[in-house]
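**Q** Provide a 3D model corresponding to the input given below.
(2 chains)
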Number of protein chains: 2
Amino acid sequence: MVHRGRTGSVLARALRLLGAFSDRRTTMTLSDLARHSGLPLSTTHRLLADLLEWGAVERDDAGHYRVGLRLWELGSLAPRSQGLRERALPFLEDLSRITGENVQLAVREGRELVFVERIAGTGAVPVLTRVGGRFALTATGVGLVLLAHAPADVCDEVLAGPVRRFTAHTMTDPDVLRAVLADVRACGFAISDRQVTDDALSVAAPVHGRTGRVIAAVSVVVRYGTAPPHALVPLVRNSSRSISHALL
Amino acid sequence: MVHRGRTGSVLARALRLLGAFSDRRTTMTLSDLARHSGLPLSTTHRLLADLLEWGAVERDDAGHYRVGLRLWELGSLAPRSQGLRERALPFLEDLSRITGENVQLAVREGRELVFVERIAGTGAVPVLTRVGGRFALTATGVGLVLLAHAPADVCDEVLAGPVRRFTAHTMTDPDVLRAVLADVRACGFAISDRQVTDDALSVAAPVHGRTGRVIAAVSVVVRYGTAPPHALVPLVRNSSRSISHALL
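**A** All right, here's what the predicted structure looks like:
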């Protein structure tokens, strides 16, 4: 029943179409969608009819396509995002209020991380993250925590590179990174010092799920030079432990 | 190419499968999914393979299916949820901090509303809402605001009923509701007094989009008897106006 051509099953093609939406492309015309998904215009048009009917995509006032609210509703049922976020939110808010800084919650997805929540501190240093956005595991505090507790094959793949450099401080040497990851496992926290931008550092700690596995990481991002990072460690660890307990 | 049988196209069936997940069913076995989507077991199994591969669904430690993080990432690109939420969040947090109460942000989706954000106040009255969850337009403050500014045909359909009763205070008479909606349009705010639960009331105001259209509503939910609702009106209106400005 399922037609599998060069471009895969109908469903795989529809998912590819949806995958054409990104941070930089939240609104597209029909031909944009066809181009970015690599599907013929007629196929794109036909798939969009079903997606529109269900509410997976919507048309805005200008007639352009965008991700629909129904898809967001469905996504909000993902236990790894909304469920985690709901339990963690009060602790993240406390941490942001106490420090006045940006607080982040992230989970690993394959060889990258995804930010599940971000609380913006008042007058805090600007950060590059967006809720639902992805980032390299090797650069941020939360990334180092998640990578330190990832399965060995994931860790090997990530360290096999290429490891992206953001600043002069970004660690890219696999041996250096391996040593840092061992430290993170031993100490229970990670510090990313100006590895993403030249003016920020982050302190992160692991969140454990019911089975004891590390399922997320929480961090505070501060402007470089304003606070000694080690002063933040107890606060962040306390917060991540509270979230772990709330998940039991 | 697209097979359209009794159950619709392949894509429509896959979307039906995804639609089987709900608030009460966030984790399901293969046979649960087949039963709740009304699809044959073999079709369910085949569609799940593509959905798993793309990350739209995941399997948990017990091997059960759940909504995948990738779907949540995609949903986070929906301008009507995440974009709105990001702009509104600082104002919602201020409103929650000033009042110490629950603050909600909702949009209309067809004949219901969907909660896009909820900030839980410290020690505030328990509320029935969940981010990503739906609710009737006729009962809550945000619902009355959204219904008051909905197209006439939507309003007619909703008032044609059935209008759900939650408490003895829930308004269900279409003529009474029409008069209330006219008031909401004239005054720029709505009060839902114990219409959802016997111990809570909410005060809501509209958020305007770039074109001037009402695209969302913000509310404060307080325990009945603790504060005169009209005292909250300026705070809520100020917040909704600030969010509207932030969207320009």
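**Q** where's A:Gln195, which helix or strand?
**A** Using DSSP states H and E, no element contains A:Gln195; it sits outside every helix and strand.
**Q** neighbours of it, just the number please.
**A** 25 (other CB atoms under 10 Å in any protein chain shown). Bear in mind the C-beta positions are built from the backbone N, C-alpha and C, glycine included.
**Q** Now it. Its backbone dihedrals?
**A** phi -80, psi -20 (degrees, to the nearest 10).
**Q** So what does A:Ala139 have for phi and psi?
**A** Given degrees, to the nearest 10, the pair of backbone angles that A:Ala139 has is phi -100, psi -40.
**Q** Check the gap between it and chain B for me.
**A** Noted for A:Ala139: a distance of 19 Å to chain B, by CB to the nearest CB, to the nearest Å.
**Q** Next up, the contacts around that residue.
**A** Listed by CB atoms under 8 Å, 6 or more residues apart in numbering or on different chains, the contact set of A:Ala139 reads A:164, A:166, A:170, A:192, A:195-196.
**Q** Chain A: strands as residue ranges?
**A** With DSSP state E as the criterion, chain A has strands at A:27-28, A:57-59, A:65-67, A:102-109, A:112-119, A:134-136, A:190-193, A:200-208, A:214-223.
**Q** Can I get these in CSV including mean neighbour count?
**A** Shown next, in CSV, are the strands of chain A (neighbours: other CB atoms under 10 Å in any protein chain shown):
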stretch, mean neighbour count
strand A:27-28, 17
strand A:57-59, 18
strand A:65-67, 22
strand A:102-109, 24
strand A:112-119, 23
strand A:134-136, 19
strand A:190-193, 22
strand A:200-208, 26
strand A:214-223, 26
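**Q** for those strands, which one sits closest to chain B?
**A** The closest of the strands of chain A to chain B is strand A:65-67. By CB to the nearest CB, the value is 4.2 Å.
**Q** separation between A:Asn238 and chain B?
**A** 19 Å.
**Q** low pLDDT regions in chain A?
**A** Where chain A drops to pLDDT under 70, the residues are A:1-8, A:122-128.
**Q** ranges for the helices of it?
**A** A:10-18, A:30-37, A:41-54, A:69-75, A:84-99, A:141-148, A:152-159, A:174-187, A:229-246 (DSSP state H).
**Q** Show me what the most centrally placed residue in chain A is bridged to.
**A** Central residue of chain A (CA atoms, centre = their mean): A:Val114, 1.2 Å from the mean position. Beta-bridge partners for A:Val114, by DSSP bridges, are A:Val107, A:Arg134.
**Q** Would you mind saying which of the strands of chain A lies nearest B:Gly100?
**A** Ranking the strands of chain A by proximity to B:Gly100 (CB to CB) places strand A:112-119 first, at 17.9 Å.
**Q** According to the record, where do the domains of chain A fall?
**A** Domains of chain A are assigned by automatic domain parsing as A:10-74, A:79-246.
**Q** so how far is the shortest one off the chain centroid?
**A** Its chain's C-alpha centre and that of domain A:10-74 lie 22 Å apart, by CA atoms, centre = their mean, to the nearest Å.
**Q** same question, the longest one
**A** Mean-position distance between domain A:79-246 and its chain equals 10 Å (CA atoms, centre = their mean).
**Q** can you give me the end-to-end distance of it?
**A** With CA to CA, to the nearest Å as the measure, domain A:79-246 spans 14 Å from end to end.
**Q** Can you get me a residue count around the residue lying closest to A:Arg185 once chain neighbours are set aside?
**A** Closest residue in space to A:Arg185, ignoring its immediate chain neighbours: A:Ala148 at 5.0 Å, by CB to CB, 6 or more residues apart in numbering or on different chains. For A:Ala148, the count of nearby residues is 25 (other CB under 10 Å).
**Q** And A:Ala148, how far from chain B?
**A** Taken as CB to the nearest CB, the span from A:Ala148 to chain B is 20 Å.
**Q** Test my guess that the residue nearest to the centre of chain A contacts A:Val107.
**A** Yes. If you go by CB atoms under 8 Å, A:Val114 and A:Val107 touch, sitting 5.7 Å apart.
**Q** For B:Arg24, which of the helices of chain A is the nearest?
**A** Of all the helices of chain A, helix A:69-75 comes closest under CB to CB, at 14.2 Å.
**Q** Contacts for that closest one, please.
**A** A:18, A:54-58, A:81-82, B:18-19, B:21, B:67, B:71-76, B:78, B:80-82, B:107, B:109, B:114, B:132, B:134.
**Q** Which positions within stretch A:163-182 qualify as buried?
**A** A:163, A:166, A:169-172, A:174, A:177, A:180-181 (16 or more other CB atoms under 10 Å in any protein chain shown).
**Q** for stretch A:14-21, that is, sorry about that
**A** Buried positions in stretch A:14-21, judged by neighbour count with 16+ other CB under 10 Å: A:14-18, A:20-21.
**Q** and the end-to-end length of stretch A:65-77?
**A** The first and final residues of stretch A:65-77 sit 23 Å from each other (CA to CA).
**Q** ok now that stretch, how far from the chain's centre?
**A** On CA atoms, centre = their mean, the centre of stretch A:65-77 falls 17 Å from the chain's centre.
**Q** Next, the buried residues of it.
**A** Those would be A:65-77, for stretch A:65-77 by 16+ other CB under 10 Å.
**Q** Tabulate those (JSON lines), appending distance to B:Gly143.
**A** Below are the buried residues of stretch A:65-77 laid out as JSON lines (distance: CB to CB, whole Å):
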{"residue": "A:Tyr65", "distance to B:Gly143": "28"}
{"residue": "A:Arg66", "distance to B:Gly143": "24"}
{"residue": "A:Val67", "distance to B:Gly143": "24"}
{"residue": "A:Gly68", "distance to B:Gly143": "20"}
{"residue": "A:Leu69", "distance to B:Gly143": "16"}
{"residue": "A:Arg70", "distance to B:Gly143": "18"}
{"residue": "A:Leu71", "distance to B:Gly143": "22"}
{"residue": "A:Trp72", "distance to B:Gly143": "19"}
{"residue": "A:Glu73", "distance to B:Gly143": "16"}
{"residue": "A:Leu74", "distance to B:Gly143": "21"}
{"residue": "A:Gly75", "distance to B:Gly143": "23"}
{"residue": "A:Ser76", "distance to B:Gly143": "19"}
{"residue": "A:Leu77", "distance to B:Gly143": "22"}
